[in-house]
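Novice: pasting the sequence and the predicted coordinates here, then a few questions.
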Amino acid sequence: MTLKKIPKTNDEEIVIFDEAVIYKRGEYWQFRLWLPKEDRYARQSLRTRSKSTAIDKGKEVYLEILANNKAGKTYFSQTTKQGVAMYVKQRQKDVELGNIVKGRLSTIKTHLEHWLEFIGRDTKLKELGRMDCEDYFYSRIKSNKKISVSQSTVLNEQSTINSMMSYLFKHNETYINEFDFPKVKKIDRGNEELRRALFTEDEIRDIKYVISNYILEAKKEIDKPANLNKFLVSYYFLVAMSTGLRTGEQRQLTWGDVVERIERYGPDQEEHSVATIKVRDETSKVRNTRVFKCVVNNEFTELQTVLYPLHKMNKAKKVHECLIFSADGDNQLSKRAIGYHFHQILDLAEVKNTDKRDLVPYSFRHNFITAMVKSGEINPLDIAEMCGTSITQIERVYYHKDEETKKENAFALVRGKEKGKLRKKEDQQLIDENESIE
């Protein structure tokens, strides 16, 4: 960098390396250096009253600034709020390029919003140290807010934060490329309650009952926005239970993505309402289009009855392009509304220990996949294809053993011995029969 040389002026101002100045303000010495590239002075207190100490410190500050400048680092820092905005803007480009989905960007924004609340929005990026987030995990888990936060959620947030820090470091906005988050005890994957947040069958039954009443109440004055929202959320949960769709996939479903019709199945050719659902690549977490069928309970038909007339009024879109879970066909059902009514419904259904369990709307997907696995009627590959995930994920996360299965496994050897005894008995009977014939 080209720095302008400054001549010595008086005893209260001392030139450092012909370019910087230390000077007295009151009783303490200060440092000043003009930075042409940033078009401003770098100023800072040397925190000493001693002239000789001030000269030594001034030289250290000057050499540090010079070294950082040669490394491409600027002296003045953006705030954490500005850094987050810079990173989010870059990730928005990834959405436009199709590298990530809008839902993922929304998650990134949420993660970084929590970080800003912790670190402070006006904190200077270049003042951040590697250990400044050592209490982040504790702070998030022990939050005073009513909504509980799971360990996996906080770990995902920490990953997002460090991805941002790496980006900002490469663009010379920070002096560190990541925070040193303390290691936490791994979740015991053998513990059924910790493995995944699941509802019991009784809880699902009670939730469905509450939702049915929720819908009846909403329909009484469906023209009111609050009731229409209540109606939408109710069917959102019912569809989540029946399809196992991810949150982002379901919120972005359009009428053109779903066909619901009656199909006959089984020896008695019973009638079932079956939905054929297309998850488009741009809305899928794994960026692959998939089409699958699932048995539903006329949810889409009932939604259509109320929403179709409203969506036909949308002049900006054709009906098949309108979002299903939307009051106007344009705006997605908000996560805030989903979260609010989720907790309301759980309270009405008297679901126990919600403060200690990792129960979220996504839990309906966990229940759906777990039920598919436990049914024993479909192999892991087909479940993975239907739900847009991997076989490894299905086997690692969702392969729960219920108590009856565990009991059957425990008595496997006993069954084997019993079968052996039975075969010996049958063989002996056959020998006795042959001898009697002879």
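Specialist: Here it is on my side, so go on. Residues are numbered from 1 along each chain as shown.

Novice: let me know the pLDDT of D56.
Specialist: At D56, the model reports a pLDDT of 95.

Novice: tell me how many other residues surround it.
Specialist: Number of residues near D56 (other Cβ atoms under 10 Å) recorded here: 13. (C-beta placed from N, C-alpha, C; glycine too.)

Novice: again, but for F237
Specialist: Using other Cβ under 10 Å, the number of residues around F237 comes to 21.

Novice: so which helix or strand takes in it?
Specialist: Using DSSP states H and E, F237 sits within helix 225-243.

Novice: can I get that helix in CSV, CA atoms only?
Specialist: Only the C-alpha atoms of helix 225-243 are listed here, as CSV (Å, rounded to 0.1, in the frame of the first residue of the first chain):
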residue,chain,number,x,y,z
PRO,A,225,-58.5,-15.4,7.5
ALA,A,226,-57.7,-16.9,10.9
ASN,A,227,-60.1,-19.8,10.4
LEU,A,228,-58.9,-20.4,6.8
ASN,A,229,-55.4,-20.6,8.2
LYS,A,230,-56.6,-23.0,10.8
PHE,A,231,-58.2,-25.1,8.1
LEU,A,232,-55.1,-25.2,6.0
VAL,A,233,-52.8,-26.1,8.9
SER,A,234,-55.1,-28.9,9.9
TYR,A,235,-55.0,-30.6,6.5
TYR,A,236,-51.3,-29.9,6.3
PHE,A,237,-50.8,-32.1,9.3
LEU,A,238,-53.1,-34.8,8.0
VAL,A,239,-51.3,-34.9,4.7
ALA,A,240,-48.0,-35.1,6.5
MET,A,241,-49.2,-38.1,8.4
SER,A,242,-50.4,-39.8,5.2
THR,A,243,-47.5,-39.1,2.9
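
Novice: list the contacts of the host helix or strand of R264.
Specialist: Following DSSP H and E, one finds R264 within strand 258-265. Residues outside strand 258-265 that contact it (Cβ atoms under 8 Å, 6 or more residues apart in numbering) are 270-278, 296, 298, 300-301, 324.

Novice: mind doing that once more with 6 Å?
Specialist: Strand 258-265 has contacts (Cβ atoms under 6 Å, 6 or more residues apart in numbering) with 271-272, 274-277, 300-301.

Novice: just list what the helix holding F237 packs against, helices and strands only.
Specialist: helix 201-220, helix 299-312, helix 335-348 (3 or more Cβ pairs under 6 Å, 6 or more residues apart in numbering; DSSP states H and E).

Novice: nearest to K93, of those?
Specialist: For K93, the closest of these is helix 335-348, at 23.2 Å, according to Cβ to Cβ.

Novice: mind listing what's buried in the closest one?
Specialist: By 16 or more other Cβ atoms under 10 Å, the buried positions in helix 335-348 come out as 335, 337-338, 341-343, 345-346.

Novice: just stretch 285-298 next, same as before
Specialist: 285, 290, 292, 294, 296.

Novice: neighbouring strands for whichever strand in the chain runs longest, and are they parallel or not?
Specialist: Scanning the chain for the strand with the most residues, using DSSP state E, yields strand 270-279. The strands beside strand 270-279 in its sheet (DSSP bridges) come out as strand 258-265 (antiparallel), strand 290-296 (antiparallel).

Novice: surely L413 is within a helix?
Specialist: Yes: if the criterion is DSSP: H, G, I helix; E, B strand; the rest coil, then L413 is within a helix.

Novice: contacts only, for it.
Specialist: Going by Cβ under 6 Å, 6+ apart, L413 touches no other residue.

Novice: ok, back up a step: nearest to R47, out of the strands paired with strand 270-279?
Specialist: strand 290-296 (62.7 Å).

Novice: same question for that closest one, mean pLDDT?
Specialist: The average of the pLDDT scores along strand 290-296 is 94.

Novice: restricting to C-alpha, output it in PDB.
Specialist: Listed in PDB are the C-alpha atoms of strand 290-296, where the atom choice follows Å, rounded to 0.1, in the frame of the first residue of the first chain:
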ATOM      1  CA  ARG A 290     -39.700 -38.500  -7.600                       C
ATOM      2  CA  VAL A 291     -43.300 -39.700  -8.100                       C
ATOM      3  CA  PHE A 292     -45.000 -42.000  -5.700                       C
ATOM      4  CA  LYS A 293     -48.400 -43.200  -4.600                       C
ATOM      5  CA  CYS A 294     -49.900 -43.400  -1.100                       C
ATOM      6  CA  VAL A 295     -53.200 -44.100   0.500                       C
ATOM      7  CA  VAL A 296     -54.800 -41.000   1.900                       C
END
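
Novice: related to what we said a few turns ago, quick one, which of the strands paired with strand 270-279 is nearest to Y41?
Specialist: Closest among the strands paired with strand 270-279, once you apply Cβ to Cβ, is strand 290-296, at 59.2 Å.

Novice: and the closest one, how far from the chain's centre?
Specialist: 24 Å (Cα atoms, centre = their mean, to the nearest Å).

Novice: how close does the closest residue in space to Y214 that isn't next to it in sequence sit to I324?
Specialist: Spatial nearest neighbour of Y214, excluding adjacent residues (Cβ to Cβ, 6 or more residues apart in numbering): S234 at 4.8 Å. Distance, S234 to I324, by Cβ to Cβ, to the nearest Å: 13 Å.

Novice: buried ones in the longest strand of the chain?
Specialist: Those would be 273-275, 277, 279, for strand 270-279 by 16+ other Cβ under 10 Å.

Novice: so for it, mean pLDDT?
Specialist: 93.

Novice: send me the host helix or strand of S152 as PDB with only the CA atoms.
Specialist: In the assignment (DSSP H and E), S152 maps to helix 151-170. Only the C-alpha atoms of helix 151-170 are listed here, as PDB (Å, rounded to 0.1, in the frame of the first residue of the first chain):
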ATOM      1  CA  GLN A 151     -29.100 -31.400  20.200                       C
ATOM      2  CA  SER A 152     -29.100 -32.200  16.500                       C
ATOM      3  CA  THR A 153     -30.700 -28.800  15.700                       C
ATOM      4  CA  VAL A 154     -27.900 -26.900  17.500                       C
ATOM      5  CA  LEU A 155     -25.200 -29.000  15.900                       C
ATOM      6  CA  ASN A 156     -26.700 -28.200  12.500                       C
ATOM      7  CA  GLU A 157     -26.700 -24.500  13.400                       C
ATOM      8  CA  GLN A 158     -23.000 -24.700  14.400                       C
ATOM      9  CA  SER A 159     -22.200 -26.300  11.000                       C
ATOM     10  CA  THR A 160     -24.000 -23.400   9.200                       C
ATOM     11  CA  ILE A 161     -22.200 -20.800  11.300                       C
ATOM     12  CA  ASN A 162     -18.800 -22.200  10.500                       C
ATOM     13  CA  SER A 163     -19.600 -22.500   6.800                       C
ATOM     14  CA  MET A 164     -20.400 -18.800   6.900                       C
ATOM     15  CA  MET A 165     -17.200 -18.000   8.800                       C
ATOM     16  CA  SER A 166     -15.100 -19.900   6.200                       C
ATOM     17  CA  TYR A 167     -16.800 -17.900   3.400                       C
ATOM     18  CA  LEU A 168     -16.100 -14.600   5.200                       C
ATOM     19  CA  PHE A 169     -12.500 -15.500   6.000                       C
ATOM     20  CA  LYS A 170     -11.800 -16.200   2.300                       C
END
